[in-house]
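A.B. asks: Next input, structure requested:
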Amino acid sequence: MPSRRLTRTIARVADRAPALKRVPVVKLLTAAELAVTARDHLRRLTPEERRRIAALIRIGRGRRRNLSDQEREELAALIAKVEPRLLAGQAIDALSPVPLPRRLLYGRRAAVR
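C.D. replies: Model prediction:
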């Protein structure tokens, strides 16, 4: 349940932006939660790594085939560091009223030998 302070803050913002009055508060809170989750995952990268991802995407113009093999490997390693599967799972979990199975968030268990 949102705190009274948060509710008042949202009400003040809605007074200043009339279009926000039409957006339900639950949707605003969900969007904020998704933004915080994405920010937390992106913070796993150093500022240099974030700049390098942006540079690689610019170089490749959004297509992996425009990158050299070494650049593709570098981009894949940087993206893996962000843990996109966990990010997607946490985003879906935030939107879903039913809890997700752990294997969807973290993948299959490692085989025991």
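A.B. asks: any idea which element the residue nearest the centre of the chain lies in?
C.D. replies: Centroid-nearest residue in the chain, with C-alpha atoms, centre = their mean: residue 38, separated by 2.5 Å. Per DSSP states H and E: residue 38 is located in helix 25-42.
A.B. asks: Can you list the buried residues in that helix?
C.D. replies: Buried residues in helix 25-42, counted by 16 or more other C-beta atoms under 10 Å: 37, 41. No exception for glycine: its C-beta is placed from N, CA and C like everyone else's.
A.B. asks: which other helices and strands contact that helix?
C.D. replies: Contact here means 3 or more C-beta pairs under 8 Å, 6 or more residues apart in numbering; DSSP states H and E; on that basis helix 25-42 packs against helix 4-16, helix 84-95.
A.B. asks: can we see that at 6 Å?
C.D. replies: Helix 25-42 sits against helix 84-95, with contacts defined as 3 or more C-beta pairs under 6 Å, 6 or more residues apart in numbering; DSSP states H and E.
A.B. asks: Quick check: the gap between residue 96 and residue 37.
C.D. replies: Residue 96 is 13 Å from residue 37, where distance means C-beta to C-beta, to the nearest Å.
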